[in-house]
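Undergrad: let's see this in three dimensions:
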Amino acid sequence: MISLVGRLVAVTVLSLFAAACVGVDERIYSVSSGIETSQKVDTRRPNIVLVMADDLGYAELGCYGQKHIRTPNIDRLAAEGMRFTQHYSGSPVCASSRCVLLTGKHTGHAYIRDNSEVGTWASFEGQTPLADSEVTIGECLKAVGYTTACIGKWGLGGVGSEGDPNRQGFDHFFGYNCQRHAHNYYPRYLWRNQEKVTIAGNERGRTGSQYAADLMADEALEFLDQHGREPFFLYYATPVPHAALQVPGDSSAEYAHLDTSPYDGKKGYLPHETPRAAYAGMVTRMDRDIGRMMDKLEELGVADNTVFIFTSDNGPTFNGGTDSAFFESAGVFRGLKCDVYEGGIRVPFVVRWPGHVAPGTVSDHVSASWDLLATFGETCRMPVPATDGVSMLPTLTGSGDQLPHGALYWEYARRKQAIRQGSIKAVRNRRGDPLEIYDLSVDPAESNDLASQRPELVGRMEAMLVSLRTPSELFPLHGSTRKKPAVSVKPSGSPALAKSAWTLVRASSESKFNDKTGDKVFDGDPGTWWHSEWRDQKSKPPHELEIDLGKVERIAGVRFLARQDGGKNGVIREFELIAIDGATRRTVAKGELDNSSKWQERRFEPVDARRIALRVLSEIKGRPFGSLAELELLPASE
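TA: Alright, predicted model coming up:
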């Protein structure tokens, strides 16, 4: 591994000279009362507990206005500390949000800018590894004597890869290395460092003997017992409340009255008889575990010297039986997970640090998860690399001048971008769309697009969308840096049937939210493509597109063109083509396609068909997706 010293490029030594001498009187400004008091400064480096929930919405905690779900311990953290009303996650999805938090770089500069899977869907080999050259919070704290642990969900590189948490600054890891593995709370195994720990009585079913979140909470308490009296950093990345909806019955029982119907599992993950009760129970059980950690710190006598932070990795979700509308999970904000509107990225953020953070305070300081590395650098008096973050310590302690952000930036899914500068927010959802402009000071719900009224803002924000990012070979914006393979839109060989009269009869799965619909396979544009619903991870092959040809045609061949953006998600391996004439369905072609960006042709015996059905049986990388840019049918020769 490259040494930490060798990797701290453009290091800024963030010194707290006033706090460096034991016994020196300091003037401390009280946030809550505005009264100056004289007291001794504690020069010990504080411990840090950083809890990050998974898919927890801004308004799913009692202290943020939740009406149905009890969270008494997190509410107590807020009562004893500071609650932020304008804090943002690094990304609207898991892996990139975690990368941003740990490295202090927003998604315009981060190494990981989206979820990116390794291996087949069920192999649980992890996600694209965080590069060894990246410097994390764990590495910085470890370098100044902290014992570090990550417990929960990792998502930044498989076991043994350069992104393994043990190679990214964490002395100890326990939990799910792979995000896909975390989609069930009764796993057959979890990872403890490099050891695969078998969980007796679990078969990755709807229920089991040992609830993974309980095991992680127990591991966290054991870590505190072992290391609580030395400087420590506990990054508790709980998988809760991400789907699947699973929780022991003693946690869901109190919420049984919330449900009116069961969840059948058709929108992904596992079915559940009482989905709202399960979700609420998951959050309250997580809150209970946080209370256990708070009690342990008190028991060890270190609570007063521990910065305790609670936040979430992105906004609330939309699938797996969750009901964000019922719980009003995003509050007044527009959007959910996977959106760069406020609902997808504005998250709860609560900090308790007795004696330093005034209790019961609320801050409207605009902050983001990429501020944490800079904040810890100043708080713990340690060198950190140059980041996109701004230290929040002045806001937390009420001492010194808080620097504002020049601008906040997000990008996601290689096409969505957003900027916040002051109260002005700019959003673009896909290439070619006009930029949307909102003033969050009067329109937090992002309902009134000001772009037509404020063209000067559009011009300024367009320029910033370019200047605030650097190109990424792994995660290019569509149409920016990825080189498209050469493709002949009109392949050589026999002319194909005209497609102007074709219509889509049915798509068993299509990604409507980003316009990857089934009709894209016959629109004549190789730059567009159909993709199965990738957000619904239980939408498994076979995927089927049924197309009406407009009249009965005599066909004798088919051509396929894979997506042309260089991506491989959904690229077809096995297919079946069915000719439909009235009530008769006949398989006319079945086989495998190559991993190629060129046209691929398959011939078959002539057959009459008014409709055809393309069935995608498997994907080139073994995942449960399907995609196709263009489909052509070849007429039978006279």
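Undergrad: mind listing the strands for the stretch 101-250 of the chain?
TA: Remark: strands assigned in the stretch 101-250 of the chain by DSSP state E, counting those that start in this stretch are 147-153, 172-176, 189-192, 195-198, 232-237.
Undergrad: between those strands, which gets nearest to Asp75?
TA: Asp75 lies closest to strand 232-237 among these, at 17.9 Å (Cβ to Cβ). Yep, even glycine has a C-beta here, placed from its N, CA and C like the rest.
Undergrad: contacts for the closest one next, please.
TA: Outside strand 232-237, the residues that touch it by Cβ atoms under 8 Å, 6 or more residues apart in numbering are 47-52, 54, 98, 137-138, 141-142, 146-154, 170, 175, 216, 220, 223-224, 293, 313.
Undergrad: report the longest helix in this structure, please.
TA: helix 275-300 (DSSP state H).
Undergrad: quick one: mean pLDDT over that helix.
TA: Averaged across helix 275-300, the pLDDT comes to 98.
Undergrad: buried residues of that helix, list them for me.
TA: The neighbour-count check on helix 275-300 (16 or more other Cβ atoms under 10 Å) flags 275-291, 293-294, 296-297 as buried.
Undergrad: continuing past it, what's the next helix or strand?
TA: strand 306-312 (DSSP states H and E).
Undergrad: chain center to that following strand: distance?
TA: 19 Å (Cα atoms, centre = their mean, to the nearest Å).
Undergrad: residues in contact with the next helix or strand after it: which ones?
TA: As assigned by DSSP H and E, the chain's next helix or strand after strand 306-312 is helix 324-327. Helix 324-327 is contacted from outside by 57, 59-60, 66, 68-69, 258, 276, 279-280, 316-318, 330, 336, using Cβ under 8 Å, 6+ apart.
Undergrad: helix 324-327: which residues count as buried?
TA: For helix 324-327, burial by neighbour count (16+ other Cβ under 10 Å) applies to Ser324, Phe327.
Undergrad: pLDDT of that helix, averaged?
TA: 97.
Undergrad: low-confidence ranges in the stretch 501-638 of the chain?
TA: 513, 535-539, 638 (pLDDT under 70).
Undergrad: which stretches of it form strands?
TA: 503-507, 530-531, 543-561, 572-581, 584-592, 600-619, 627-628, 630-635.
Undergrad: and these as a markdown table, adding mean neighbour count and distance to Leu270?
TA: Compiled in a markdown table, the strands of the stretch 501-638 of the chain are given as follows (neighbours: other Cβ atoms under 10 Å; distance: least, Cβ to Cβ, whole Å):
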| stretch | mean neighbour count | distance to Leu270 |
| --- | --- | --- |
| strand 503-507 | 15 | 24 |
| strand 530-531 | 26 | 24 |
| strand 543-561 | 19 | 21 |
| strand 572-581 | 20 | 27 |
| strand 584-592 | 14 | 32 |
| strand 600-619 | 18 | 22 |
| strand 627-628 | 26 | 26 |
| strand 630-635 | 21 | 34 |
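Undergrad: turn those into JSON lines, columns for distance to Pro262.
TA: Listed next are the strands of the stretch 501-638 of the chain as JSON lines, based on distance: least, Cβ to Cβ, whole Å:
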{"stretch": "strand 503-507", "distance to Pro262": "26"}
{"stretch": "strand 530-531", "distance to Pro262": "29"}
{"stretch": "strand 543-561", "distance to Pro262": "26"}
{"stretch": "strand 572-581", "distance to Pro262": "33"}
{"stretch": "strand 584-592", "distance to Pro262": "33"}
{"stretch": "strand 600-619", "distance to Pro262": "30"}
{"stretch": "strand 627-628", "distance to Pro262": "32"}
{"stretch": "strand 630-635", "distance to Pro262": "38"}
